[in-house]
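Asks: let's see this in three dimensions:
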Amino acid sequence: MQQKTGRAVNAPIIALLVCMYAIVAMSDNYKGIFVPTFKESFHVSNTKIGYLMTVSLLAYAVFQYFGGMLIEKLGYKRVILTGSLLAMTALTLIVFCNGYLMLLAGMFVLNAGMALFNVTVSTLGPALTVASTAILMNMIVASYSASNTVLQQVSGILLAKGISWQSFYAFMFVCLAVLCLWLMLIKIPYRPQVSMDAKPINKNAIFKNKMLYLYVLVAAFYLGTEYGMGSWLVNYMSECYHLAADERAIYMTIFVGIRTVSLLLGGFVSDRLGLYKSIMVYAGVGTVLLGTGIAMGQSGLIIISIGGVAFAVIFPAIISSIKTVFRESTSYATGFILMGGTLGAMCISTSMGVLNDVIGAQNAFYLMPLCMLMTLVMTLRIRAKTAPVDKEF
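Replies: Numbers count the residues shown, from 1 in each chain. Take a look at the predicted model:
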């Protein structure tokens, strides 16, 4: 049984979750911000940067999949501590690394820790006894996006002033140390909910359902776009238009800021239009804005930044709609779709690195609107198969 707790107990837990997502935001954004710096410091090509992104996503996919199992065995507090220790070990490697392979190893371990953070937030947040779980989770996700906005602007200014990239990761280490101290001082009385009398999951039936693979594809194409923008937009501005760090930060701040505002309003849009229609509308808008922005050259960077509006509603709507297809095994199907989608996004990220070297950053970046277009196409296929049963979606 889940224990009932009051607001006094929930407040420090909510603060912990918000801080965890802020740290995840640091991890996710630093990779993209420092792409030009990594290339210069370690004398590596775009292809090797693509491998770096691939390794990061691989760790994220694998440890997200097993994170839920660890939570059931160890509980929330121990998994958060495990993620923190993994991340702190990785940051030590990254700060003192003297070669590309050491950086690669550090990024793998860092993203393993961040995956444990992400799965903990995704499971502990909804478990809290609050008036509205939806509002709580919206607030927590918005904190991630707000952190992105601040990080983009501040990092650009500090890099322009000559602050080393290692200093950013050292600051992240300090944040994790403070979080561990905070974790030790609070109680987390909630336990993972595991149904003892549920029917065994029929995995064969799930894997025979073609809709599972359509969902993996739609998740892969969307996540490929989202991760691709976070990882390669800075490199695109640097290689194609030779913008300085503070100039790149302005466009990234606009992109993430618009996404944050869109995130706060997106729930109302989904309620109004329905899940599938929301995905299609936002994917369509994203395709047009990103494609037009790239075609316009440097003057189109502001259009690409405005494209952040498309990155707030799609993924939550995809995840929420899974229950309309997999009613008896939603959690298992969701876990598989997340893993498959992340692995697909990993392949897209690797392709971006290779394409940057083969056809140039300008042409390679067209992969982003193409992936967003494929998100729309896959959603249309899913909607066509579910429409007779779930017209309200």
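
Asks: flag every buried residue along the lengthiest helix in the chain.
Replies: The longest helix of the chain (DSSP state H) is helix 210-241. For helix 210-241, the neighbour count (16 or more other Cβ atoms under 10 Å) marks 211-212, 214-240 as buried. Every C-beta, even on glycine, is put in place using the N, C-alpha and C of the backbone.

Asks: helices of the stretch 251-393 of the chain, residue ranges please.
Replies: According to DSSP state H, counting those that start in this stretch, the stretch 251-393 of the chain carries its helices in the segments 275-295, 301-306, 314-321, 330-359, 361-364, 367-386.

Asks: format these as TSV; extra columns: distance to Leu159.
Replies: Output for these, formatted as TSV (distance: least, Cβ to Cβ, whole Å):
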stretch	distance to Leu159
helix 275-295	24
helix 301-306	18
helix 314-321	29
helix 330-359	21
helix 361-364	19
helix 367-386	24
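
Asks: out of the ones you listed, flag the one nearest Ala142.
Replies: With Cβ to Cβ, the closest approach to Ala142 among the helices of the stretch 251-393 of the chain belongs to helix 314-321: 11.6 Å.

Asks: what angle sits between that closest one and helix 330-359?
Replies: Relative orientation of helix 314-321 with respect to helix 330-359: 150 degrees, computed using axes from the mean of the first three to the mean of the last three Cα atoms, to 10 degrees.

Asks: save the helices of the stretch 251-393 of the chain as CSV, and put in mean neighbour count and distance to Ala105 too.
Replies: Below are the helices of the stretch 251-393 of the chain laid out as CSV (neighbours: other Cβ atoms under 10 Å; distance: least, Cβ to Cβ, whole Å):
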stretch, mean neighbour count, distance to Ala105
helix 275-295, 21, 33
helix 301-306, 20, 33
helix 314-321, 22, 29
helix 330-359, 20, 17
helix 361-364, 17, 26
helix 367-386, 21, 27
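
Asks: distance from the longest helix of the chain to the middle of the chain?
Replies: Put simply, helix 210-241 sits 10 Å off its chain's centre (Cα atoms, centre = their mean, to the nearest Å).

Asks: and for stretch 307-321?
Replies: Using Cα atoms, centre = their mean, the offset of stretch 307-321 from its chain centre is 11 Å.

Asks: residues contacting it, please?
Replies: With contact meaning Cβ atoms under 8 Å, 6 or more residues apart in numbering, stretch 307-321 is reached by 141, 145, 215, 218-219, 222-223, 225-226, 229, 254-260, 262-263, 265-267, 269-270, 275-276, 278-279, 282-283, 285-286, 289-290, 293, 334, 372, 375, 382, 393.

Asks: if we can go back for a sec, mean confidence for the longest helix of the chain?
Replies: Mean pLDDT, computed over helix 210-241, is 90.

Asks: for stretch 149-167, same thing?
Replies: Stretch 149-167 comes out at a mean pLDDT of 83.

Asks: can I get stretch 240-259 in PDB, CA atoms only?
Replies: Below are the C-alpha coordinates for stretch 240-259, written out as PDB (Å, rounded to 0.1, in the frame of the first residue of the first chain):
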ATOM      1  CA  CYS A 240      27.800  27.100 -41.200                       C
ATOM      2  CA  TYR A 241      27.800  30.700 -40.000                       C
ATOM      3  CA  HIS A 242      30.800  30.800 -37.600                       C
ATOM      4  CA  LEU A 243      28.800  32.400 -34.800                       C
ATOM      5  CA  ALA A 244      30.600  33.000 -31.500                       C
ATOM      6  CA  ALA A 245      29.600  31.200 -28.300                       C
ATOM      7  CA  ASP A 246      27.500  34.100 -27.000                       C
ATOM      8  CA  GLU A 247      25.800  34.600 -30.300                       C
ATOM      9  CA  ARG A 248      24.900  30.800 -30.500                       C
ATOM     10  CA  ALA A 249      23.600  31.000 -27.000                       C
ATOM     11  CA  ILE A 250      21.000  33.700 -27.900                       C
ATOM     12  CA  TYR A 251      19.400  31.400 -30.500                       C
ATOM     13  CA  MET A 252      19.500  28.400 -28.200                       C
ATOM     14  CA  THR A 253      18.000  30.400 -25.400                       C
ATOM     15  CA  ILE A 254      15.100  31.500 -27.700                       C
ATOM     16  CA  PHE A 255      14.600  27.900 -28.800                       C
ATOM     17  CA  VAL A 256      14.400  26.500 -25.300                       C
ATOM     18  CA  GLY A 257      12.500  29.500 -23.900                       C
ATOM     19  CA  ILE A 258       9.800  29.100 -26.500                       C
ATOM     20  CA  ARG A 259       9.700  25.400 -25.800                       C
END
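
Asks: got a list of contacts for that stretch?
Replies: With Cβ under 8 Å, 6+ apart as the criterion, stretch 240-259 contacts 33, 145, 148-149, 152-153, 155-157, 159-160, 229, 233-234, 237-238, 297-298, 301-302, 304-309, 311-312, 361-362, 365.

Asks: can you map out the helices along the stretch 1-150 of the chain?
Replies: Taking DSSP H, counting those that start in this stretch, the helices of the stretch 1-150 of the chain run over residues 7-33, 35-42, 46-74, 76-95, 100-127, 133-160.

Asks: could those helices go into CSV alongside distance to Tyr169?
Replies: Output for the helices of the stretch 1-150 of the chain, formatted as CSV (distance: least, Cβ to Cβ, whole Å):
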stretch, distance to Tyr169
helix 7-33, 7
helix 35-42, 12
helix 46-74, 14
helix 76-95, 5
helix 100-127, 9
helix 133-160, 11
